[in-house]
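Trainee: Structure, please.
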Amino acid sequence: MVNLRTTRDGRSALLAYSALDRLHTCCGDEQPWMVLPTTALSKINESHPFDRLLMDVMIPQRERRSVHA
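Mentor: Numbering: from 1, shown residues only. Modelled structure (predicted):
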């Protein structure tokens, strides 16, 4: 499942992480994840349009998602 975030200025963003340890550090150990080649980003954008691709963004604890949510 693709999950987009809304930026402070109202744009949609796809968050991506350059390594699994960065994902865990920035999103917590419970964050659902998948591995995709960068070439798949255009297909994702077709089905789930996003304005920005943000890399290695720290998500505040209160906004983190988990596999159980």
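Trainee: Leaving out sequence neighbours, find the closest residue to Leu14.
Mentor: Nearest in space to Leu14, with sequence neighbours left out and distances taken as CB to CB, 6 or more residues apart in numbering, is Phe50 at 4.4 Å. Yep, even glycine has a C-beta here, placed from its N, CA and C like the rest.
Trainee: Hmm, that neighbour is touching Ser12, no?
Mentor: Yes - Phe50 is within contact range of Ser12, at 4.7 Å (criterion: CB atoms under 8 Å).
Trainee: Those two: which has the busier surroundings?
Mentor: Counted by other CB atoms under 10 Å, Phe50 and Ser12 do not tie: Phe50 has more neighbours, with 17 against 13.
Trainee: helix/strand/coil for Ala13?
Mentor: Under DSSP: H, G, I helix; E, B strand; the rest coil, Ala13 falls in the strand class.
Trainee: Give me the neighbour count for Leu54.
Mentor: Neighbours of Leu54 under the rule other CB under 10 Å: 13.
Trainee: Could you pull up phi and psi at it?
Mentor: For Leu54, the backbone dihedrals are phi -110, psi 130 (criterion: degrees, to the nearest 10).
Trainee: quick one: contacts for it?
Mentor: By CB atoms under 8 Å, 6 or more residues apart in numbering, Leu54 lies in contact with Arg5, Ala13, Leu14, Leu15, Ala16.
Trainee: hmm, try it at 7 Å
Mentor: Residues counted as contacts of Leu54 (CB atoms under 7 Å, 6 or more residues apart in numbering) are Ala13, Leu15.
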